[in-house]
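Q: Curious how this folds, go ahead:
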Amino acid sequence: MHDSFATFGTTLGNLGLKLSVKVVEKLCKGLADEKVYNAQTFVETLKQLEQTIEWEMEEVTFFRMPSTQSEFYDQKELFGSDVNTKFPTVQYDMVEAGNCYAMGRGTACVFHLMRIMEVGVQNFGTKLGVALAGDKNWQNILDEINKAIKSLPAKDPVTVTVSQASANLYAVKLAWRNEVMHPKDTYTLEEAENLIRQVKLFMGQLATII
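A: Here you go, the predicted model:
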């Protein structure tokens, strides 16, 4: 029983319920000395613990994360291991995009996805020999990329893969619904979820050709 209360005390500590932890410590010390700690004292301390937990819980704010969103939380490989390996600089924003979505912050999620896309697009342009630095217009970017693709050997497997990546980039553009490469003022969770899928698809495809 002593071990069970000690484990319970650890759980309370993880929740930040410091006073409740002290009551549990008192309870554990009492259990170690049965002569001092009789049944009545034990029950009284349990009641004290219950009341203390209740009081402390009133001062703590808890957030309920729906199961459909929690699977995105703290995902180190949200877009897959290949994306992590090829684009290590997007690791932070990738994890944060998932965390923001899990916490119900659609607009914040899109902000991090935008930062990921900037890295992806620049790498895509470099792969095709297209200088895209400073260009924030989606259509201009797509036009330059498609122009570069047309100069590649049509039957080369790499050309097919690159063309697919370009199509995925176009899908991201449509999902963003913005001519200029930056997010609008606010995004719903549904929009953010759609963008996660589109950006994941593009970055995964890009990882195969970089």
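
Q: Would you mind pulling the contact partners of the helix or strand where residue 200 lies?
A: In this structure, residue 200 sits in helix 189-207 according to DSSP states H and E. Around helix 189-207, the neighbours that count as contacts under Cβ atoms under 8 Å, 6 or more residues apart in numbering are 69, 72, 78-80, 82-83, 85-87, 90, 97-98, 100-101, 104, 106-107, 109-110, 113, 116-117, 120, 123-124, 161, 164-165, 168-169, 171-172, 175-176, 187. The C-beta positions use only the backbone N, C-alpha and C, and glycine is treated the same way.

Q: Just give me how far it sits from the chain centre.
A: 13 Å (Cα atoms, centre = their mean, to the nearest Å).

Q: buried sites along that helix?
A: Within helix 189-207, the residues that qualify as buried are 189, 191-196, 198-207, counting by 16 or more other Cβ atoms under 10 Å.

Q: all helices of this structure, in order?
A: 2-14, 18-31, 39-57, 67-70, 81-86, 91-102, 106-127, 138-150, 157-176, 189-207 (DSSP state H).

Q: okay, the angle between the second one and helix 2-14?
A: Relative orientation of helix 18-31 with respect to helix 2-14: 170 degrees, computed using axes from the mean of the first three to the mean of the last three Cα atoms, to 10 degrees.

Q: before we move on, the earlier item: tabulate the helices of the chain (TSV), appending mean pLDDT and distance to residue 182.
A: Shown next, in TSV, are the helices of the chain (pLDDT from 0 to 100; distance: least, Cβ to Cβ, whole Å):
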stretch	mean pLDDT	distance to residue 182
helix 2-14	80	40
helix 18-31	83	45
helix 39-57	86	42
helix 67-70	92	25
helix 81-86	95	22
helix 91-102	97	15
helix 106-127	91	7
helix 138-150	87	10
helix 157-176	89	9
helix 189-207	94	13
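
Q: Can you lay out those helices as TSV showing distance to residue 183?
A: Formatted as TSV, the helices of the chain follow (distance: least, Cβ to Cβ, whole Å):
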stretch	distance to residue 183
helix 2-14	36
helix 18-31	41
helix 39-57	38
helix 67-70	20
helix 81-86	21
helix 91-102	12
helix 106-127	5
helix 138-150	12
helix 157-176	7
helix 189-207	9
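
Q: Fine by me, thanks again.
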